[in-house]
Structures are given as C-alpha cells and as structure tokens.
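Peer 1: here is a sequence together with a model predicted from it:
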Amino acid sequence: MPLVTTKKMLLDAQKGNYAVGAFNVENMEMVMAVIQAAGELNAPVILQTTPSTVNYAGLEYYLANVRAAAENVNVPVAMHLDHGSSFKLAMRALRIGYTSIMIDGSRELYEANIRLSRRVADACEASGIPVEAELGKVGGKEDDLDGGGGSAYTDPKEAREFIEKTGVDSLAVAIGTAHGLYKGEPRLDLDRLSEIAAMVPVPLVLHGASGVPDEMVKKAISCGICKVNYATELRIAYSEGVKEVLCREPGAIDPKKYGALGIYKVKHFVMDKMHTCGCVGKG
Ligand code: 13P
C-alpha cells in the first residue's frame, strides 16, 4: 500500500485504547523486518529515522526503502522523522515525502519550544502531514546526543497550553522513560500520565521503550499512550543475528547470509512488541 500519515492511525489508537508501535530503522534489512512483521500481524506500523540515521544514508534512501517494502503489504505504514532537530531538517523530510514529522524542541526553553513547534506545525499543515512535538525531557542518550543532564517530567497544565499554542497533532511526554537501556527497573509516573491525558486532547507518545517491561508499557497505554517508540532493542536484535552467524562461521562473506538472521530477530522482536501495544489485527 502507498504510505499513509500517522494522523488517522493515532486517532484510531486513541479511540481504541491501544498504541501503534514505532520502530527505528537503520538499514534495508531492518525496514524489511518491521514491515514483514506488520504484514503478518495485520498491524498498522510507523517506521522512523533519527537525524544520525539520516546522516548515515540520507532521507531519500530510507523513504525509498520503506515505500518499496510497504508496497508488499496491505496494512497502513507511515514514515516518520524521529527527533527532528531543526526546522530545516523537518522541511526537508516534509518535501521529499515523509508522512509524519517530529520536531524536538525539548532542549529549548518552554517559549522557544512553542515557537519552533508552532512553526513546523504551520508549515506541515498545508500538506496534511501531522507533527509530533516533545514537552519535558526524556532522559538518557538520545540519538547521538546526550540527554543533557537528566530528565524533567512533563507538566500537565503546561502540556495543555503547549498543545493549544502549537497546534501539533501528538505529544511526546516525559514520565520516567529514558532512551537506551536502563540500569535498574524504570519507574513510570502513571498518575502524571493520566493527568496529562485528561488535559490534552491529542494522542500521547512514549519514547524510550527499550527495556521497559511489557506490563508497564501496557499500563502506560491504558493511561493514554497511543504511540510507543522502540530503537535500542532493534539494534540489539539485528546485531545479535549478524554476530551469531559470524561467530558460527567466521569465514562467512555473504551479507545476505548474516543479514537473514538479523531480519529474523528484528521481525520477531517487532511482532512481540506489536502484541504488547495491542495493535495486532488493527491494520
Ligand atoms: P529506545 O532506544 O530506548 O527504545 O528509545 C526509542 C525512542 O524513543 C526513539 O525516539
């Protein structure tokens, strides 16, 4: 199917009390794995690339891969810019055909975040492309950048004002998750999440889901999360597949051979998380 935007996908999830899985992809094999999983489970899916991924191979490369793979399945597939780091990058992604854009102004002061998010939302509106913004600071190492001194949880009242002033379509919230793996068990502030969900009309996004126990993700979804982002664990799954083959056969030189086990591992990881998100059969 041709790509769709995340607009209806996330509103359907919000109405249906489930979440759509959003998976960070870094090469063709990861794209293939995620879309195969979505096709087999009849699940809507979001593939996303961060600025460092885009720097590695270019927006066009990832978009072309996702478009080609999406033609093989009959489920809604969206291509999302994750953690868009500037107005310019957001516009480049919009222009070439990404169907969903995140502008991440969470490093800015509140008012500057509003201005940047508003500017991107206004620019995307004419093309009907939805925008995700972030308020508060998700901890950990994000993309290639350090979180810059821990996290600051999203304030529910500020969140409502932020949505009114920016007009963005979805909001990434900081409630205790962090990018990358956790040292101990993460603790999510679900009361805060419920409060945000009660005050904010747009779908909410959970970043940093790698390493968060499935039961905790399910609770977050029941409190209002409609999009769940997984990155680090896909990297691990792919790398484990490749390493397994190369350890077994150090002389292997055919990338198709070790890529195949990488695809298999990513695909099964993604299928598992689609069950966690509750989006299986919603395609
Ligand atoms: P993880 O790497 O912790 O899964 O975070 C993914 C994410 O939030 C991407 O934006």
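Peer 2: Happy to help now that I have it. Numbering: from 1, shown residues only.

Peer 1: quick one, what contacts L206?
Peer 2: The contact partners of L206, by C-beta atoms under 8 Å, 6 or more residues apart in numbering, come to A19, A172, V173, I175, T177, V212, V217, A220, I225, K227, V228, N229. No exception for glycine: its C-beta is placed from N, CA and C like everyone else's.

Peer 1: what is the burial count for the closest residue to the fifth one other than its chain neighbours?
Peer 2: The one in question is T177. Among residues not flanking T177 along the chain, G208 sits closest, at 3.6 Å (C-beta to C-beta, 6 or more residues apart in numbering). G208 has 28 neighbours, counted by other C-beta atoms under 10 Å.

Peer 1: cool, and G251?
Peer 2: Around G251 there are 5 residues (other C-beta under 10 Å).

Peer 1: next, find the distance separating it from G16.
Peer 2: From G251 across to G16, the span is 50 Å (C-beta to C-beta, to the nearest Å).

Peer 1: would you mind listing what in the stretch 151-283 of the chain touches the ligand?
Peer 2: For the stretch 151-283 of the chain, the contact set with the ligand under C-beta under 6 Å from any ligand atom comprises H179, G180, H207, G208, A209, S210, N229, Y230, A231, T232, E233.

Peer 1: surely E195 meets K157?
Peer 2: No. At 9.1 Å, E195 does not count as touching K157 under the criterion of C-beta atoms under 8 Å.

Peer 1: between these two, who's got more neighbours?
Peer 2: Higher neighbour count among E195 and K157: E195, with 18 against 10, using other C-beta under 10 Å.

Peer 1: what's near enough to touch the more buried one?
Peer 2: P156.

Peer 1: in the stretch 1-150 of the chain, what residue comes closest to the ligand?
Peer 2: Nearest residue of the stretch 1-150 of the chain to the ligand (C-beta to the nearest ligand atom) works out as D82 at 4.7 Å.

Peer 1: so that residue, which of the three states?
Peer 2: strand (DSSP: H, G, I helix; E, B strand; the rest coil).

Peer 1: which element is the closest residue in space to it that isn't next to it in sequence on?
Peer 2: With C-beta to C-beta, 6+ apart as the criterion, D82 has its nearest non-adjacent residue at 3.9 Å, and that residue is Q48. Using DSSP states H and E, Q48 sits within strand 45-49.

Peer 1: do I have it right that E29 meets L261?
Peer 2: No. Contact status for E29 versus L261: not in contact, 9.9 Å apart, counting by C-beta under 8 Å.

Peer 1: these two: which has the busier surroundings?
Peer 2: Set E29 next to L261 and count neighbours by other C-beta under 10 Å: E29 wins out with 24 against 20.

Peer 1: A37 versus the more buried one, what's the distance?
Peer 2: When E29 is compared with A37 (using C-beta to C-beta), they lie 13 Å apart.

Peer 1: those helices in the stretch 51-200 of the chain, which residues are they?
Peer 2: 51-57, 59-70, 87-96, 110-125, 156-166, 190-199 (DSSP state H, counting those that start in this stretch).

Peer 1: where along the chain do the strands fall?
Peer 2: Ranges of strands within the chain are 20-24, 45-49, 77-84, 100-103, 131-135, 139-142, 145-146, 170-173, 178-179, 204-206, 225-230, based on DSSP state E.

Peer 1: so which of the helices of the stretch 51-200 of the chain is nearest E134?
Peer 2: Nearest of those to E134, taken as C-beta to C-beta: helix 110-125 at 8.0 Å.

Peer 1: next, the angle from the strand holding Q48 to helix 59-70.
Peer 2: 160 degrees (axes from the mean of the first three to the mean of the last three C-alpha atoms, to 10 degrees).

Peer 1: between strand 45-49 and strand 131-135, how big is the angle?
Peer 2: 70 degrees.

Peer 1: could I get the average pLDDT for strand 45-49?
Peer 2: For strand 45-49, the mean per-residue pLDDT is 99.

Peer 1: now the helices of the stretch 51-200 of the chain as a markdown table including distance to G136?
Peer 2: Formatted as a markdown table, those follow (distance: least, C-beta to C-beta, whole Å):
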| stretch | distance to G136 |
| --- | --- |
| helix 51-57 | 20 |
| helix 59-70 | 27 |
| helix 87-96 | 20 |
| helix 110-125 | 10 |
| helix 156-166 | 8 |
| helix 190-199 | 9 |
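
Peer 1: thanks a lot, catch you later.
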